[in-house]
Structure formats: structure tokens, C-alpha cells
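[1] Model the structure of this input:
(2 chains)
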Amino acid sequence: MGFRVLGTGSALPERSVTNDELSEFLDTSDEWISQRTGISERRLCTTETLDDLALAASRAALDAAGVTADQIDLIVCSTTSGDHLMPAEACAIAELLGASCPAFDVSAACAGFVFALDVADGYLSRGRAERVLVVAAEKVSRLVDWTDRATCVLFGDGAAAAVLGADGDNPLAVRLSTEPAVDVLHVPGVPGTSPYDKTERPEPHLAMEGRRVFKFGVNAIVTSVTELCAEAGVAVSDVDHFVFHQANERILSSAVSRLGIDDARVARALAETGNISSACIPLALDRLARSGSLERGQLVALVGFGAGLDTGACLLRW
Amino acid sequence: MADQTTFDRVCDIVREQAGADDAELTAETKLSEIGLDSLATVEAVMACEDEFGIEIDAESNPETIGEFVSMVESLLEN
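    Presented below is the predicted three-dimensional model:
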């Protein structure tokens, strides 16, 4: 009892912004950003809304799956940077697709796509849905402080989606965890204008403790892969594709060397997209699928990690 | 004073992280001098956690070899 991925899709904004362009208004350089992050450029929304990107990714996934909007029983969207505080980004997707099924969001930061997959699996396993559209859509450019060179260079915008059908044996293993530590990576809520509110109301800009997030990320990948494989009874070397959250090339390379896995099996999109929060994993999956690299029966390990501190990991048979 | 063995083990980890096998290191050598930036320092800290079986606060950011060794030694004593 479980699901199969019927199709994937993704959408990025048109505008690509290089490191050199950022160094025109920030005290930074292509060399500094490239060496510390592996990021060369990122796609940023100009005229696109997040609704636009989420819709395009969803349509591409539905097309790839051969499923129409009226055949979808549930839409779950992972986002922490939606166009609307309410309703859910998933409601906007439903409206634009012309779907009439239940639609809601999941908030688990960069780990959100894997958390959303697990939510979807619950509906599929209980027989409450036969086909679920899982979307991750993020416009992180709205959350960063564009005067902070330590954070704004890291992120990008984009959306990706997967259509799940209730006719498979996935996930082979799943691990969700939270090590509660809100301040390590945090975006405050909107300050509002209440005349009664006497609390401190900082601007809703992303702040993070980089070294702590780095260490958390490396450990999240290494521990998750080890535990997923043990739970599923497969060797780490049996996994055909590793799709990790794309936060920083040096997190990826450190985790790869600690796990001793073949670097060529590790999906990478970071250099051209930056960190798109929860959209990173489904975007990398979609690229693998569309390049013909993903074959039926192959093992794919997903590990998302981020604010929370949340980790969401699962092992799929494609 | 730094225990010789701990000092040497930390130096080996730092050299490997810096990709500088032959670097002459003293207690005063700054990590930044041999090419360790803040993230590479975290990686060296993580390698020391594995090497010595200790847990080091991710926010600790030693600037010199001497500070690094002292930090490891104080954790080993606890």
C-alpha cells in the first residue's frame, strides 16, 4: 500500500541573476559566492507571481502524468513564501487549474516537499484519495533582506510538482524529524499595525546562523540516508539517485564524502538556481526525470532539511 | 600546554581540510592563513568530533590552531 510518482513538472522565473550582477549593489564577488556556496546564478521573479510558477509546474506535472485537473482528489502545497498568507497557495493552484478538490498548504520550510509527500501518502493509504498533486512553490526573494550579503545571495525562486497515484509501494522508508530551534533559521511574521501590540515586531526578513545550519545540514543528510537504507533493508550503494536539499554545494560535498557515495549519483541544480527552499528537491527530481536519468525500479533517496529544524527524508522506488 | 598527541591529531585534520599536507603549523597559526574559511572550520570541527568522539558547539569558531586544540582538550577533560 502506497504511491507511485506518475509525473513531475517544474517552472522557474525567466530572469537569471548572476553573482556579478549582485556585486554591483552588494559588497561581494562572484569568487566569494562561488567558493562558499557553489551558486553561480539564481532565477528571481520579476513579472511572475508565485501563483504563475506554481500553476506552470502543476500543469507540467499533470501533463507528464497524463492526469487532468478534475481527476485530482487533493492538492497539497509546500510553501513558506506564498503569494497569500491566506488562503493557502494550494487554493490558488486549485482555482487556476479549475480543480474542485480539497487544497491546503504544508509548512515545513526547506524540508516541506518531503513532509507534503508524507501527508499525501496518508490520504492515499487511507483510501481518501487516488491521485494527489503535491507542489512546492517558493518565492524566497520576498523573504530576504536585499542589503544582507550573507543571506540574499543564497536564494532563488521557483516551483515544482509531482502527481502521485495510489498504485505503488512508496515510500520504502520515511523519516521526518524536528529538532526544535526556531532562532537558528527564522523569518518573523508580518509586523501588522495593531495599536495594542506591544511586542517586538521585526521586519519579516530571513536570518540564520550559518555555521549551525551547515553542520545540521551535513548531519541531516548523513543520518537520514543511513537510517532510510537500514529501514528499507538496502545498502547505501544500492541507491541510484540521491536528491538532497540544495542549500550549499559545500554541504552536499561534505555529506557525499562522509557517506562515501558516488558523487555522480547526487543530483545538483544549485549552481543555476540557488536555494529555492522546498522547491529544490522536486525541481531536481523533475530534471532527472526529463533528462531520462530516472528509470522505473531505481531507488531514489530524498533528504530535505531546513528551518525548524526540520528534516524530511524518504526512499522511493521509481 | 597542548598535549602533543591531541595537537598533532588536530593539525592533521586541519591540514586535510585545507588540502595543505606539508603546512608548518604552530599554536599561533591562524586557520584563515592556511585557507580555512568559516565553513571549512565547521567541517574541521565536525571531523574532530568524529576523531575524538566529542560534541562541539556549532557556533564555536576557533581562530588559531592553539584555540582549536584547547577547545578539543577542554571537551576531552569533561
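
[2] Show me which residues of chain A sit near chain B.
    When proximity is defined as C-beta under 8 Å from any C-beta of the partner chain, chain A approaches chain B at A:35-36, A:209-212, A:214-216, A:218-219, A:248, A:250, A:254. Quick note: C-beta positions are derived from backbone N, CA and C, even for glycine.

[3] can you put those in JSON lines and add secondary structure and neighbour count?
    Converted to JSON lines, the residues of chain A next to chain B look like this (DSSP: H, G, I helix; E, B strand; the rest coil; neighbours: other C-beta atoms under 10 Å in any protein chain shown):
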{"residue": "A:Gln35", "secondary structure": "helix", "neighbour count": "13"}
{"residue": "A:Arg36", "secondary structure": "helix", "neighbour count": "20"}
{"residue": "A:Glu209", "secondary structure": "coil", "neighbour count": "16"}
{"residue": "A:Gly210", "secondary structure": "helix", "neighbour count": "19"}
{"residue": "A:Arg211", "secondary structure": "helix", "neighbour count": "18"}
{"residue": "A:Arg212", "secondary structure": "helix", "neighbour count": "18"}
{"residue": "A:Phe214", "secondary structure": "helix", "neighbour count": "23"}
{"residue": "A:Lys215", "secondary structure": "helix", "neighbour count": "23"}
{"residue": "A:Phe216", "secondary structure": "helix", "neighbour count": "22"}
{"residue": "A:Val218", "secondary structure": "helix", "neighbour count": "25"}
{"residue": "A:Asn219", "secondary structure": "helix", "neighbour count": "20"}
{"residue": "A:Asn248", "secondary structure": "coil", "neighbour count": "23"}
{"residue": "A:Arg250", "secondary structure": "helix", "neighbour count": "20"}
{"residue": "A:Ser254", "secondary structure": "helix", "neighbour count": "24"}
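
[4] so what's A:Val234 scoring on pLDDT?
    Looking at A:Val234, its pLDDT stands at 97.

[5] What of A:Arg211?
    Reported pLDDT for A:Arg211: 87.

[6] same question, the one 5 residues further on
    At A:Phe216, the model reports a pLDDT of 95.

[7] hmm, back to that, the residues of chain A next to chain B: which two are farthest apart?
    A:Gln35 and A:Asn219 (22.6 Å; C-beta to C-beta).

[8] And the strands in the stretch 51-200 of chain A, which stretches?
    Taking DSSP state E, counting those that start in this stretch as the test, the strands found in the stretch 51-200 of chain A are A:74-78, A:103-106, A:131-139, A:157-170, A:173-178, A:185-186.

[9] Just the closest residue of the stretch 51-200 of chain A to chain B, please.
    Chain B sits closest to A:Val184 of the stretch 51-200 of chain A, with a gap of 9.0 Å, by C-beta to the nearest C-beta.

[10] By mean pLDDT, point me to the weakest helix or strand of chain A.
    Comparing every helix and strand of chain A by mean pLDDT, DSSP states H and E singles out helix A:30-37 as the least confident one, with a mean of 92.

[11] Okay, now the unreliable bits of chain A?
    Counting by pLDDT under 70, chain A has low-confidence residues at A:1.

[12] Grab the most central residue of it for me.
    The centroid of chain A falls nearest to A:Ser278 when counting by C-alpha atoms, centre = their mean (1.9 Å).

[13] any idea how far A:Asp238 is from it?
    Look at A:Ser278 and A:Asp238: by C-beta to C-beta, to the nearest Å, they are 27 Å apart.

[14] and if you look at A:Leu316?
    13 Å.

[15] Next, show the common contact partners of these two.
    Between them, A:Leu316 and A:Asp238 share these contacting residues under C-beta atoms under 8 Å, 6 or more residues apart in numbering or on different chains: A:Leu299.
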